[in-house]
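Trainee: Make a model of this:
(one chain, ligands or ions: 1)
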Amino acid sequence: MSFMMKLPAALAASVAAATMMLAGAAAAKDFRLGLITPPNHIWTQAAENFGTDLSDATDGAHSVTVFPAQQLGSEAEMMQQLQTGALDMAFLTVAEVSNRVPDFGAFYAPYMAQDIAHAGRILQSDLALRMLEDLPAKAGVVGIGYGMAGLRQIVSKGEVTSAADLEGKKLRITPFKPILDFYNLLGAAPTPMPLPAVYDALANGQVNAIDMDAELIWKLKYFEQADTVVVSNHMMFPMVGLVSAKVWQGLSEEERATITELMKKRLDECIATYIVKDREWLDQVRGTDTAFIDVGPEFFGDVPAQWDEIWSEQSSVLSEMRDTAAASAE
Ligand code: BEZ
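Mentor: Residues are numbered from 1 along each chain as shown. Sure, this is the predicted structure:
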């Protein structure tokens with residue numbers, strides 16, 4: 001006869017509940033996952049799909065509630081919430097991570113990726129995966145894997161035929177230093193602004209150009225507010241799937257393995273989606289009345305080299321990442 005069977009029913013129930021609480025990790029949990037992208041964005045869909053997978057794999061014991069469109073605050077605020085354990089999970093731009101762990105700034109080296117598929121290979125390299133190991137100690141988060149958005153383009157009011165046309169222009173950037181340095185070197189007036197504020201800012205003239213990817217230029221119709229799309233493909237734009245290190249500590253090995261496998265699967269799928277769709281979205285923009293010019297590194301003169309000079313001081317992995325990229329170029 002087991003120990004529990006000897007106890008009166010009410011007492012047995014409370015012992016069982018206490019055992020569950022002590023085990024902690026076995027308790028059902030609805031994880032909160034935050035991101036800044038709108039509901040129809042590929043990142044948000046990846047987060048929703050991960051939640052469905054987790055719920056299926058645990059017979060509903062664990063679930064995920066996704067909070068898109070900055071509902072839980074800016075990326076900087078979500079990062080703080082992850083650190084305190086107030087937020088369980090997030091899909092954040094690597095930009096936000098690089099604000100805290102400057103090594104990650106190396107991902108934004110201009111023209112490191114020759115095309116979107118190459119960007120995917122760089123993000124799935126051993127170096128990129130090894131960098132995630134620094135995150136618990138340096139940022140209080142566990143990095144599960146990378147996703148990405150499309151390569152970066154420039155959308156501008158007015159005609160743009162050379163980089164000189166961008167000089168002094170108030171140009172919206174994602175708020176982080178690697179891209180700020182890039183546009184300062186170019187002589188533009190970079191204006192840091194989170195994604196949800198961009199449409200109105202461009203429409204009302206608060207900025208007259210934006211740094212953006214093809215998906216959002218097309219889906220959020222930024223091209224309608226501009227005269228020229230500069231198809232430059234000048235930078236990759238990685239995302240990282242994160243779990244609060246505090247929350248992670250409370251999970252069993254089995255739960256960690258399940259979350260890692262399922263989240264990573266959806267992040268990999270996100271990379272695969274952009275590899276197929278990035279060009280399609282650009283082609284759709286090309287089919288509109290907005291003018292576009294295709295440019296390469298020469299458009300930016302010696303700015304990419306100057307950027308590397310600055311960032312080789314700030315990111316200890318920049319030259320290794322350039323080598324990694326060169327090794328996987330085609
Ligand atoms: C942006 O800040 O431009 C951005 C953020 C998340 C996904 C795509 C773009």
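
Trainee: Now do stretch 194-202, average pLDDT.
Mentor: Across stretch 194-202, pLDDT averages out at 95.

Trainee: Check stretch 92-100 too.
Mentor: Here the average pLDDT along stretch 92-100 is 94.

Trainee: Against residue 176, how distant is residue 134?
Mentor: To residue 176, residue 134 is 17 Å away according to CB to CB, to the nearest Å. The way it works is simple: take the backbone N, C-alpha and C, and place the C-beta from them, glycine included.

Trainee: the more surrounded of those two?
Mentor: residue 176 (21 against 15; other CB atoms under 10 Å).

Trainee: near the ligand, which residues of the stretch 151-300 of the chain show up?
Mentor: Neighbours of the ligand within the stretch 151-300 of the chain, by CB under 6 Å from any ligand atom: 174, 195, 212, 213, 216.

Trainee: again, only using 5 Å
Mentor: Proximity of the stretch 151-300 of the chain to the ligand is confined to 174, 195 under the rule CB under 5 Å from any ligand atom.

Trainee: Quick one: the strands in the stretch 151-300 of the chain, in order.
Mentor: 152-156, 170-173, 189-192, 209-213, 228-231, 237-244, 291-294 (DSSP state E, counting those that start in this stretch).

Trainee: closest one to residue 118 among the ones you listed?
Mentor: Proximity to residue 118 (CB to CB) singles out strand 237-244 among the strands of the stretch 151-300 of the chain, at 12.8 Å.

Trainee: pLDDT-wise, which helix or strand of this protein ranks last?
Mentor: helix 9-23 (a mean of 43; mean pLDDT, DSSP states H and E).

Trainee: In this structure, what residue lies closest to the ligand?
Mentor: residue 174 (3.5 Å; CB to the nearest ligand atom).

Trainee: what about that residue, distance to residue 120?
Mentor: Distance from residue 174 to residue 120, by CB to CB: 20 Å.

Trainee: Over to residue 315?
Mentor: Separation of residue 315 from residue 120 (CB to CB): 20 Å.

Trainee: can you check residue 171 too?
Mentor: Residue 171 is 27 Å from residue 120, by CB to CB.

Trainee: For the residue nearest to residue 248 when sequence neighbours are not counted, what are phi and psi?
Mentor: In space, and not counting its chain neighbours, residue 248 is closest to residue 142: 4.8 Å by CB to CB, 6 or more residues apart in numbering. Main-chain dihedrals, residue 142, degrees, to the nearest 10: phi -100, psi 120.

Trainee: Let me see the contact set for residue 142.
Mentor: 135, 136, 242, 243, 244, 245, 248 (CB atoms under 8 Å, 6 or more residues apart in numbering).

Trainee: From residue 44, how far out is it?
Mentor: 21 Å.

Trainee: Same question for residue 69.
Mentor: Counting by CB to CB, the gap from residue 69 to residue 44 is 8 Å.

Trainee: Where do the helices of the stretch 101-250 of the chain begin and end?
Mentor: Here the stretch 101-250 of the chain has its helices, by DSSP state H, counting those that start in this stretch, at 116-123, 126-132, 135-139, 177-186, 198-203, 214-219, 245-249.

Trainee: any chance of those in TSV, plus mean neighbour count?
Mentor: Shown next, in TSV, are those (neighbours: other CB atoms under 10 Å):
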stretch	mean neighbour count
helix 116-123	22
helix 126-132	16
helix 135-139	16
helix 177-186	21
helix 198-203	17
helix 214-219	22
helix 245-249	17
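
Trainee: between these, which gets nearest to residue 330?
Mentor: Across those, closest to residue 330 is helix 116-123 (CB to CB), at 7.1 Å.

Trainee: That closest one vs strand 237-244, what angle?
Mentor: Counting by axes from the mean of the first three to the mean of the last three CA atoms, to 10 degrees, helix 116-123 lies at 40 degrees to strand 237-244.

Trainee: From the contact counts, what lies against helix 116-123?
Mentor: If you count contacts as 3 or more CB pairs under 8 Å, 6 or more residues apart in numbering; DSSP states H and E, helix 116-123 packs onto strand 141-149, helix 253-286, helix 318-327.

Trainee: Pick the most buried one from those.
Mentor: Mean neighbour counts were taken over the helices and strands packed on helix 116-123 using mean count of other CB atoms under 10 Å, and the top value, a mean of 25, falls to strand 141-149.

Trainee: correct me, but residue 180 touches residue 190?
Mentor: Yes - using CB atoms under 8 Å, residue 180 is in contact with residue 190, at 5.2 Å.

Trainee: what is in contact with these two at once?
Mentor: In contact with both residue 180 and residue 190: residue 173, using CB under 8 Å, 6+ apart.

Trainee: List the contacts of residue 192.
Mentor: Taking CB under 8 Å, 6+ apart as the test, what residue 192 contacts is 172, 173, 174, 175, 176, 180.

Trainee: can you put these in CSV and add pLDDT?
Mentor: Shown next, in CSV, are those (pLDDT from 0 to 100):
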residue, pLDDT
172, 98
173, 98
174, 95
175, 94
176, 93
180, 98
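
Trainee: what's the closest of these to residue 98?
Mentor: Looking across these and measuring by CB to CB, the closest to residue 98 is residue 176, at 5.9 Å.

Trainee: I appreciate the help and will end here.
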